[in-house]
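1. Next input, structure requested:
(2 chains)
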Amino acid sequence: MKAGKLSDALKKGAIWGFILLELIFFSVAGQFLSLSDSAFMDLDNMLLLLKQSAPIGIIAIGMTIVMINGNIDLSVGATFAIAAIVLLDSMTWPIFAGLGDWVIPVSWLLALTVGTLLGALNGLIVWKTGVDAFIVTLGAMLGYRGMVFMFNGENPTSHLNWTLVDFAEAQLLGIHTPTWFLLGVTLAIWFVMTRTVHGRNAYAIGDNREAAVNAGIRVGPHMMINFAIIGFLAALSAVVFYSESGSVNPNDGQLYELWVITAVVLGGTKITGGAGSVIGTFGGVIAIQLLRKGLGHIGADTSTVNLVIGLILIAVLILDRQLNIRGKEELKL
Amino acid sequence: MTDPILRLEGIVKTFPGVRALDNVSLSVLPGEVHALMGENGAGKSTLMKVLGGLHQPDGGGIYMGRDRIVMSGPLEAKANGIVFIHQELSLAEELSVAENIYLGELPRKSFGRVDWSRLAEQTNAILKKLNVGFDARTLVGDLSIANQQMVEIARALTVDAKAVIFDEPTASLTDAEKVVLFDVIADLKADGVGIIYISHRMEEIFKITDRITVLRDGEYQGTVETANADEESVTQMMIGRKLDLSRNASHHELGDVAIEVRGLSCGGLYQEIDFEIYRGEVVGFYGLVGAGRTEIAETLFGLRDPSAGKILLDGQEVRIHSPADAIARGISLVPEDRKGQGLVLGMNCRDNMTLPQVDDLKAGPFVAEGAEIAIFDLYRDRLDIRTPGWKQKVGNLSGGNQQKIVIGKWLSMHPNVLIVDEPTRGIDVGSKSEIHNLLRGLAAQGYAVMVISSEMPEVLHVSDRIVAMYSGRIMRTFTSDEVTEDSLIQAISGLGDHRAA
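-> All right, here's what the predicted structure looks like:
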């Protein structure tokens, strides 16, 4: 079918076309509107943009596989905050006092383990109870956030380890440490989704769960693995970010789940599951960050940025629906 | 003679590749119960969809009294007093009876408030006419299926119905509930309403209808007075004489018993099922929709736990708890709903074909794409699957080729028992015979094949033996030498008890 191929190509390429459009628009508009002298497309500016994309981006890669699998995870922002607290607080624990800078890998591992376990717990509940992931993770979002506040009340948790800060602020080949993590995660998960049995089955389950069951695929374990992965990635995002900042507020990570889902949907992943790619999500993350940065560059304030992103998200979904309807006799509602 | 209240004249409807209705006529007199009969796929549903405005006919016309009507949609049909009572109920279970009956037309007071007292009053008036044991405020979800059907009927009575169409209304009713339904039909009849009654059940047809119109393969076969007809003549009209039922005559050697089922029961779905399938044999399961055939297949495939009885594979008793279990034991199921249960439509041909075994094919942590392509190529050639290549999404293939993908998927697992539920549903005529030959060929290669079908020619054509089922029980098992169309239809209609035969 020709129409199908055209719309497929449009959908796959759309996010990159959109990014290109943003780059051109902000470069040109920046000439007239920007208060700063530097060009928008400055290399340092772009590298910084990638670095700033990392916290949302790393989680978004995880959200992609959960959504392809037909689920959703609303608890990532809270998991992010818990992992940050575990990271910063554990570095001050007396039992690790003798470790010197070796406390860093220990605390990292601890934070990542906690994140993975919290994610796996979500997955286990979804698997064993059959309750919708939306509800389970909505509960987890509130519960995990509650744990954050229980730990230190309204007060921030802080600890600066300068070795860690140096590592987090380092630039290898000009690229910042967080960016390396984002790229590495994207590549790794891309491999998982396109080359492994787990990835293949995740797509099948998300597209047609009944057919997957009929093919003898055990749906539950696959879902739990994906929740564990997103928990791990939420923790990794926190670990990378707070290694540099060294202080976490109990409200940190709030609304991350929404930004993450926005990026994933912009990147072409179907909210009902079965279709999507981490590369698309990577594009979605970049597109949002470009929009935030670009609008800031031409002097718009934060509220305008949110309004524009909201409108674009809806416009993208309308466009996607139009492309999908073509050639199909869909019921008119 | 009175004028018909509703008349369908020379209706023609073609779908791509199929002439679903060819010059079909049907007229209903006021106060008449008119049976519409035909095998599955004869065109009854299509005709009713034309009448309901869901399909636009390519030729012919619909007349109410003397006026020609263009049925542009369901609302148009309702406005003309044509009411459908479907086999599958479409009720909101969380709402009350009254709300369901007046859904979309709730009586209003000022400011758009619902006039609950008037609603209850109107509803109870209708319910009283139907003589049912529940009232307007009952939740529909709390009612039995039969009473839910009564709600559907009550809904029909709210409009000034001129013609009411019952589509297999007794499929889920007990005998006592049927009596109530027939009373309601008698009342409607007395009020001068024209009734079209669709059913496979001969006993009912002869009990309550006045005339019978028979369709076969989308063609009008004639209309007879019920009083002048008998079961045999109607059956004759339904199956016709020009049966190209080249009976399956290939009596190759049978192997051992591959699967044996003894006393298998599952609640109210089926009871005391006994059968066995030999290697090299095709056993056809024939019966009406709801006779319990699919449920047996689901049990064998681990989707449904039996309440009693046992399953033996190669003489060993086994318990099958999940599809994964079944697959591991060499049982495969090609399900009834190909798109909903068999295929992942968004995936390509290769990935669908290897879905159950992709885990066995992996090289290290990665999927072994080369091995997958080899499997796809092998079964594409063996089953003659027509697709541009393995990258094609299965959603873009024709029904016949999709079915071959599903069959290929299971053959590549080398099963002992292949269960095929409705092998050719929604598949064009050309591909049908290909699938039939394929199934015969598989038996010849030593597979034990269980075919569930609601199409008699298909069952007769592919089966070595035929198991006839009626409401959850095996009525009789025929060999292909002894089976006749009449005896088969009688067995699946529950006429007489042939188990002694």
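
2. Can you pull the residues of chain B lying near chain A?
-> Contacts of chain B with chain A, taken as CB under 8 Å from any CB of the partner chain, map to B:301, B:303, B:322-324, B:326-328, B:333, B:335, B:340-347, B:351, B:355-356, B:358-359, B:362, B:365-367, B:396, B:409. Where you see a C-beta, it was placed from the backbone N, CA and C, and this is true even at glycine.

3. just the buried members of these?
-> B:301, B:303, B:323-324, B:326-327, B:333, B:335, B:341-347, B:351, B:355-356, B:358-359, B:362, B:367, B:396, B:409 (16 or more other CB atoms under 10 Å in any protein chain shown).

4. Same question for residue 263, what's its three-state structure.
-> Since you didn't name a chain, this refers to chain A. helix (DSSP: H, G, I helix; E, B strand; the rest coil).

5. The intended chain is chain B.
-> At residue B:263 the chain is in strand, as set by three-state DSSP.

6. Could you report the neighbour count for it?
-> 12 (other CB atoms under 10 Å in any protein chain shown).

7. circling back: can you list which of the residues of chain B next to chain A are found in helices?
-> Those of the residues of chain B next to chain A mapping onto helices are B:323, B:324, B:326, B:327, B:328, B:351, B:358, B:359, B:409, per DSSP state H.

8. what's residue 301 in contact with, if anything?
-> Since you didn't name a chain, this refers to chain A. If you count contacts by CB atoms under 8 Å, 6 or more residues apart in numbering or on different chains, residue A:301 has none.

9. The intended chain is chain B.
-> Counting by CB under 8 Å, 6+ apart, residue B:301 makes contact with A:214, B:320, B:323, B:326, B:331, B:332, B:333, B:419.

10. how about TSV for those residues, with distance to residue B:376 added?
-> Converted to TSV, the contacts of residue B:301 look like this (distance: CB to CB, whole Å):
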residue	distance to residue B:376
A:214	19
B:320	28
B:323	22
B:326	23
B:331	23
B:332	17
B:333	21
B:419	23
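
11. near chain B, which residues of chain A?
-> Residues of chain A lying close to chain B by CB under 8 Å from any CB are A:1, A:4, A:195-197, A:200-201, A:203-204, A:207-208, A:210-218, A:274-275.

12. please redo it, this time with the cut-off set to 7 Å
-> Within chain A, the positions near chain B by CB under 7 Å from any CB of the partner chain are A:1, A:4, A:195-197, A:200, A:203-204, A:207-208, A:210-211, A:213-216, A:218, A:274-275.

13. Against chain B, how distant is residue A:71?
-> 17 Å (CB to the nearest CB, to the nearest Å).

14. Just give the nearest non-adjacent residue to that residue, would you?
-> residue A:133 (3.7 Å; CB to CB, 6 or more residues apart in numbering or on different chains).

15. List phi and psi for the one you found.
-> Main-chain dihedrals, residue A:133, degrees, to the nearest 10: phi -60, psi -30.

16. these two touch, right, it and residue A:126?
-> Yes. Between residue A:133 and residue A:126 there is a contact at 4.9 Å, judged by CB atoms under 7 Å.

17. Which residue of chain B lies farthest from its centroid?
-> Going by CA atoms, centre = their mean, the residue of chain B most distant from its centre is residue B:110, 46.4 Å out.

18. For that one, give its distance to chain A.
-> The gap separating residue B:110 from chain A is 30 Å, by CB to the nearest CB.

19. can you check residue B:397 too?
-> Distance of residue B:397 to chain A, given as CB to the nearest CB: 11 Å.

20. Please name the residues that touch the closest residue to that residue other than its chain neighbours.
-> Distances taken as CB to CB, 6+ apart put residue B:387 closest to residue B:397, at 5.9 Å, once the chain neighbours are dropped. Residue B:387 sits next to B:349, B:397, B:401 when contact means CB atoms under 7 Å, 6 or more residues apart in numbering or on different chains.
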